[in-house]
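Colleague: I need the structure of the sequence given here:
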Amino acid sequence: MKPEAYLEMARGEGEHWWFRGRRTIVASLIENMDLPASAQILEAGCGTGGNLRLLSRFGEVSAFDMSETACAFAREQCPAATVRQGHCPDDIPYPDAHFDLICLLDVLEHLERDDDALVALGSKLAGGGRLLLTVPAYPMLWSSHDEFLHHHRRYRATQLTQLLDHAGFSVERVSHFNTLLFPVAALSRLAARLSNTPAGGTGVPVKMLNAALYKIFAAERMLLSRTNLPFGVSLVAIGRTRR
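Modeller: Next up is the predicted model:
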């Protein structure tokens, strides 16, 4: 990502409804996993570290990001986590470690070699370990926002399922999320694309709107605890190693 995108993320990810809502949903999904009491957890592409404190609730956390600027922010966010500079798939900076859970949260779309990245991360999982990943959904929603964030693609559910299967994972679930706000998000993305409107970034909305959007988004954790959602702005997938 561009340096200004990292700076904006570092400022806003603690308060912005989307980051907060995603953390709430991720926490709910992890709570339903049978992780060991002292689970070894890796966040690949941790960015500025907004997820590290959450992940530390579930075990010992390691992380990496290709940007040293992002790593510096991440170390400040969560001093208990081990954060190193690295890149997926060719430079995962924990050569001798294996993990019970690897989180890849809106990272895969940034990688040119998404298939190789999944294979490389699968090799870092302990037997029976899980990969939890989120990505943006629907190529038709591509807009200047994706370009601003240096995305290479948005995913279809079938495409993501096949990608995980080919990388050697048993796919436990693939679901859309950010479903309740999908009509508004889809219309705004399509309007931006048709009008060639510049990206707006991830600035925090005004307080009341930000709080309302968070409550709507975070409420989806209850739906996801019961079923997969048939459409949404994003996709979440859980895969388990076959070995």
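Colleague: next one: the most centrally placed residue in the chain from Met208, what distance?
Modeller: In the chain, the centroid-proximal residue (CA atoms, centre = their mean) is Leu105; its distance is 1.4 Å. Note on Leu105: its distance to Met208, by CB to CB, to the nearest Å, is 27 Å. To be clear about C-beta, it is placed using only N, CA and C from the backbone, and glycine gets the same treatment.
Colleague: mind jotting down where the strands sit in this structure?
Modeller: With DSSP state E as the criterion, the chain has strands at 39-44, 59-65, 82-85, 99-105, 125-136, 169-177, 234-241.
Colleague: can you list those in CSV and add distance to Arg156?
Modeller: Rendered in CSV, the data for the strands of the chain read as follows (distance: least, CB to CB, whole Å):
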stretch, distance to Arg156
strand 39-44, 22
strand 59-65, 27
strand 82-85, 32
strand 99-105, 18
strand 125-136, 10
strand 169-177, 10
strand 234-241, 8
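Colleague: just send these back as JSON lines, with mean pLDDT and distance to Asn228 too.
Modeller: As requested, the strands of the chain are exported to JSON lines (pLDDT from 0 to 100; distance: least, CB to CB, whole Å):
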{"stretch": "strand 39-44", "mean pLDDT": "98", "distance to Asn228": "24"}
{"stretch": "strand 59-65", "mean pLDDT": "97", "distance to Asn228": "26"}
{"stretch": "strand 82-85", "mean pLDDT": "98", "distance to Asn228": "33"}
{"stretch": "strand 99-105", "mean pLDDT": "98", "distance to Asn228": "18"}
{"stretch": "strand 125-136", "mean pLDDT": "96", "distance to Asn228": "14"}
{"stretch": "strand 169-177", "mean pLDDT": "97", "distance to Asn228": "4"}
{"stretch": "strand 234-241", "mean pLDDT": "97", "distance to Asn228": "9"}
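Colleague: so which of these is nearest Ser188?
Modeller: Set against Ser188 and scored by CB to CB, those come closest in strand 125-136, at 13.8 Å.
Colleague: what strands line up against that closest one, and which way round?
Modeller: Here strand 125-136 is paired, per DSSP bridges, with strand 99-105 (parallel), strand 234-241 (antiparallel).
Colleague: once you drop chain neighbours, what's closest to Leu125?
Modeller: Thr241 (4.7 Å; CB to CB, 6 or more residues apart in numbering).
Colleague: next, count neighbours for the one you found.
Modeller: If you count neighbours by other CB atoms under 10 Å, Thr241 ends up with 19.
Colleague: can I get stretch 106-121 in PDB, CA atoms only?
Modeller: This file holds the C-alpha atoms of stretch 106-121, laid out as PDB (Å, rounded to 0.1, in the frame of the first residue of the first chain):
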ATOM      1  CA  ASP A 106      -7.800  -8.500   3.900                       C
ATOM      2  CA  VAL A 107      -4.300  -9.300   2.700                       C
ATOM      3  CA  LEU A 108      -4.700 -11.900   0.000                       C
ATOM      4  CA  GLU A 109      -6.100  -9.400  -2.500                       C
ATOM      5  CA  HIS A 110      -2.800  -7.400  -2.200                       C
ATOM      6  CA  LEU A 111      -0.600 -10.300  -3.300                       C
ATOM      7  CA  GLU A 112       0.100 -11.000  -7.000                       C
ATOM      8  CA  ARG A 113       0.800 -14.700  -6.300                       C
ATOM      9  CA  ASP A 114      -2.200 -15.500  -4.100                       C
ATOM     10  CA  ASP A 115      -2.000 -19.200  -4.800                       C
ATOM     11  CA  ASP A 116       1.600 -19.500  -3.800                       C
ATOM     12  CA  ALA A 117       0.900 -17.400  -0.700                       C
ATOM     13  CA  LEU A 118      -1.700 -19.900   0.500                       C
ATOM     14  CA  VAL A 119       0.600 -22.900  -0.100                       C
ATOM     15  CA  ALA A 120       3.400 -21.100   1.800                       C
ATOM     16  CA  LEU A 121       1.100 -20.300   4.800                       C
END
